[in-house]
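Chemist: Take this sequence and fold it.
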Amino acid sequence: MKLSQFQFDLPKELLAEFPSEHRDEARLMVIDRKKQTIEHKTFKDVIDYFDDGDVLILNNTKVFPARLYGNKEKTGARIEVFLLRELNAEQRLWDVLVDPARKIRIGNKLYFGDDDSLVAEVIDNTTSRGRTLRFLYDGSYEEFRKKLTELGETPIPKYISRDVTPEDAERYQTIYAKEEGAVAAPTAGLHFSKHLLKKLEIKGINFAEVTLHVGLGTFNPVEVEDLSKHKMDSEELKITQGACDIVNDAKSRKKRICTVGTTSMRAVESSVSSHGTLNPFDGWTNKFVFPPHEFTIPTCMITNFHTPKSTLLMMVSAFCGHDLMKRAYEEAIKEEYKFYSYGDAMLII
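Modeler: Residues are numbered from 1 along each chain as shown. Okay, here's the model as predicted:
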């Protein structure tokens with residue numbers, strides 16, 4: 001398939017700047033691949049599509065406050081620093097993005113906090129906007145990480161034009177987030193409330209947790225017409241034996257296995273055995289799922305509505321079938337579903 005097949009016009013007013021007042025009250029579009037039907041529900045109705053012994057695969061990554069603002073030495077220019085990944089804990093080296101990048105060169109120092117209590121030195125250029133920083137801080141590693149958390153803010157998506165609110169720190173986090181390391185939330189999971197998870201558990205649904213630390217590469221638009229030439233950024237992934245046991249047992253009993261979000265889907269599709277079972281994994285994945293793709297583990301998925309020409313839309317197309325996905329998106333626009341991180345959801349069965 002070609003990139004141009006994933007273009008569509010999205011009215012600006014359909015971008016969700018704020019979440020639903022209650023997590024599980026977003027709208028839910030249910031797409032049945034076998035019947036080729038589309039239904040309109042509320043997210044909490046998702047429970048009606050699962051039975052005892054079915055499995056939801058959840059990405060338990062936790063967003064950390066990755067966006068910092070500092071001042072450049074001498075000029076005092078305000079610089080945004082977006083923490084991407086820690087390269088070396090001992091030396092306090094980090095891969096970051098800086099904005100405006102043209103002002104930041106190797107050797108420059110950046111000062112953070114009203115009292116300049118945290119300083120960083122630029123030691124390398126990695127990409128046009130990418131830099132490697134060495135943080136200078138008098139204190140233990142734990143105190144340093146605490147300082148980063150104190151100075152950082154929740155990295156809500158750039159398309160949201162409003163200021164970050166205190167509520168975002170809690171709301172832009174799934175209720176089952178545990179393992180810190182993501183720079184963006186696995187947004188399909190934002191729809192689950194504690195109450196809904198409890199009801200699913202009482203009904204006998206099992207949960208298998210995986211950890212895929214979402215990086216900014218997930219959101220990079222595809223810029224090559226031939227999809228096979230697009231290279232995904234690597235993201236850190238961990239799948240435990242315990243999670244594999246839950247999933248493989250359900251698979252052997254022909255139960256419904258649902259990935260919650262494209263990140264959970266990417267996680268399980270990165271570690272499939274030759275027998276079609278899920279394998280443990282501890283490392284990095286640059287798996288790119290696009291049509292045609294043979295899915296081995298999941299029988300359904302929950303996801304949000306995605307950006308034109310994004311890798312996320314391509315994965316949904318591969319799972320749903322391209323024509324049915326196009327129909328669903330046309331209907332979503334007509335029915336004014338909200339798109340992106342704080343938007344409405346889709347269940348594909």
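Chemist: Quick one: distance of the helix or strand containing Lys251 to the chain centre.
Modeler: Counting by DSSP states H and E, the element that carries Lys251 is helix 241-252. Chain-centre distance of helix 241-252: 23 Å, with Cα atoms, centre = their mean, to the nearest Å.
Chemist: residues of that helix that come out buried?
Modeler: 243-244, 246-248, 250-251 (16 or more other Cβ atoms under 10 Å). C-betas here are computed from N, CA, C, even on glycine.
Chemist: same check, this time on stretch 111-126
Modeler: 111-112, 118-120, 122.
Chemist: what's the span of it from first residue to last?
Modeler: 21 Å (Cα to Cα, to the nearest Å).
Chemist: so can I have CSV of the buried residues of helix 241-252 showing distance to Ile104 and pLDDT?
Modeler: What follows is the buried residues of helix 241-252, written out as CSV (distance: Cβ to Cβ, whole Å; pLDDT from 0 to 100):
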residue, distance to Ile104, pLDDT
Ala243, 41, 98
Cys244, 43, 98
Ile246, 46, 98
Val247, 44, 98
Asn248, 48, 98
Ala250, 49, 98
Lys251, 49, 97
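Chemist: least trustworthy helix or strand in the protein by mean pLDDT?
Modeler: helix 166-171 (a mean of 82; mean pLDDT, DSSP states H and E).
Chemist: remind me which residues of the stretch 101-250 of the chain are low pLDDT?
Modeler: 219 (pLDDT under 70).
Chemist: Would you map the helices across it?
Modeler: Using DSSP state H, counting those that start in this stretch, the helices assigned to the stretch 101-250 of the chain run over residues 141-151, 166-171, 194-202, 241-252.
Chemist: which other residues reach the third one?
Modeler: By that I understand helix 194-202. The contact list for helix 194-202 (Cβ atoms under 8 Å, 6 or more residues apart in numbering) reads 23-24, 43-44, 46-47, 50, 56, 175-176, 207.
Chemist: if we go to 10 Å?
Modeler: Defining contact as Cβ atoms under 10 Å, 6 or more residues apart in numbering, one finds that helix 194-202 is touched by 22-24, 43-44, 46-47, 50, 54, 56, 58, 175-176, 192-193, 205-207.
Chemist: Among the residues you listed, which ones are in strands?
Modeler: 56, 58, 206-207 (DSSP state E).
Chemist: Which one (most neighbours) among these?
Modeler: Leu58 (27 neighbours; other Cβ atoms under 10 Å).
Chemist: Report the beta-bridge partners for that one.
Modeler: Glu209 (DSSP bridges).
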